[in-house]
Every structure is written in structure tokens, then in C-alpha cells.
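[1] I'll drop the sequence and a predicted model, then ask my questions.
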Amino acid sequence: MQTTQPDPAQLQLLEAALPNVAFDGWSQASFQAAVATTGMDPDRARALCPRGATDLAVLYHREGDRAMQRAMTAEDMTGLRYSDKVARAIRLRLDVIDDKEAVRRGTTLFALPHLAATGAGLIWGTADAIWTALGDTSDDVNWYTKRATLSGVWAAVVLYWLGDTSENHAATDDFIDRRIAEVMQIEKVKAQVNGNAVLRPLTAPLNRLLGMIRAPQRTPRTDVPGMWRPDDAA
């Protein structure tokens, strides 16, 4: 999940670029137009966005994640099942998108081989933002499996949503429910396998191994050799 707030000048460039993205995509032309519109010094603009419009596309996606988290904070999900909360979060993430064509162009951009890793990272970031906003406390292998599974669901939902022409995206709502139901079915099967006494001799060693995996720490450690501590400078 991205917690660092962007430079206001980056947001200024993003706002200026969006009207051109529908025509030129997240391209050099869109970036240059944004620089001209804002009157920003080109060298400063390039320092803020070394990859030009690609960095603006990344920023656009992450701003969507932040907007979703704000919407989730204001949403009353009391009484909802966990699966329903996840489905609601996905819908909120779609609802905060104010420019469908910008997402379409971004999907095309991050499908390019040299940007595929960046695109995958953004999808993972959205999944992480959802689980974090829902209060996920897992600190073992489940931290990874939850985000990996939701990343697959989110990627599929976006592609479906881009082609959905139904009223109020009703077809996408149904698609989300089907994908979540499939995930829950997988979780049910996993629980049955782990609880099966016959299979336990096979699953127990794997579960012990997986139990050694820990989620990444949200804050840097300062209690290991070579780590700088703020009070060291005093």
C-alpha cells in the first residue's frame, strides 16, 4: 500500500495530462502537453516524472487506491460477511474512477513487456490497499495468498468492466460476485484438505514450512546491525 503523498506538482501535471490521454494515451505527447499547460519548467517536470507519462499513469492508479481507501473509511460495512466486504471494496475502487478511458489506456501501457512488472505491482498495490483498509492482521503466508488471490480477481474485474456496456455496470457487479464466490469455494476446499485426517501426513510438513513465512514489516527495523536509528544522530 502506498502511504507517501505525491508532490502537489505531480498532481498538477496529472490533472493537465488527463484531457489528452484519451487521444494520445499515456505518451510523450500527453506529457509534453501537460508541461506546456502548467507552464512548468521541463527539467523540473522530468525530475518529478523521470519516465514522463508512465509515471503519471502510475500516479493516476495510486490516487485511485487512495480515493478508494477514503471511501471505505466512510462506508459502513457493519454486519457484512468478509467476502461481501471485499466485493464492496472492489466496487468502491471502480466507483472512484473518473476517467474510464484513462484506465483503458493504462491497461494497454502496462501490458507492454518492459512495463509488465510495474503493472503487476500496481495491481498488487490495489489488493494490498483493500486488505489493509479492511483491517487484515495476517502476518504469515496468508498475507501473500490473500493479496495474490485478490490481485487476480481485480485484474479480471478491470478487464471485464472496461468492456461492460450494461446499465450502471450491472454485469460487472454480477461478475464480481461470481469471482468472489469462486475464491470462497477454493478456500472451502483448502480447509477440507487441511482438515482431512487421511491427508494430514502429507499436508502437515507443507503447512509447517508455510508457517515459517512472515509478512513484510510495515515499518523498518532499527534493532539489527547496520541499521541507522534516528537517536544515533543525537
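    Great, that's in hand.

[2] Run the chain-centre distance for the helix or strand where residue 122 lies.
    Secondary structure from DSSP states H and E places residue 122 in helix 116-133. Helix 116-133 has its C-alpha centroid displaced from the chain centroid by 3 Å (CA atoms, centre = their mean, to the nearest Å).

[3] Same question for it: list its buried residues.
    118-119, 122-131, 133 (16 or more other CB atoms under 10 Å). Where you see a C-beta, it was placed from the backbone N, CA and C, and this is true even at glycine.

[4] Of the residues you listed, which is the nearest to residue 176?
    For the buried residues of helix 116-133, the residue nearest residue 176 by CB to CB is residue 130; the value is 12.4 Å.

[5] I'd like to know how far that closest one sits from residue 77.
    As judged by CB to CB, to the nearest Å, residue 130 and residue 77 stand 12 Å apart.

[6] and the one helix or strand residue 32 maps to, what's its mean pLDDT?
    In this assignment (DSSP H and E), residue 32 forms part of helix 28-38. Per-residue pLDDT over helix 28-38 has a mean of 97.

[7] Counting by contacts, list what that helix packs against.
    helix 8-24, helix 42-48, helix 53-74 (3 or more CB pairs under 8 Å, 6 or more residues apart in numbering; DSSP states H and E).

[8] Can you say which of those helices is packed in most?
    helix 53-74 (a mean of 20; mean count of other CB atoms under 10 Å).

[9] now residue 124: how far from residue 160?
    19 Å.

[10] Could you do residue 180 as well?
    For residue 180 relative to residue 160 (CB to CB), the value is 13 Å.
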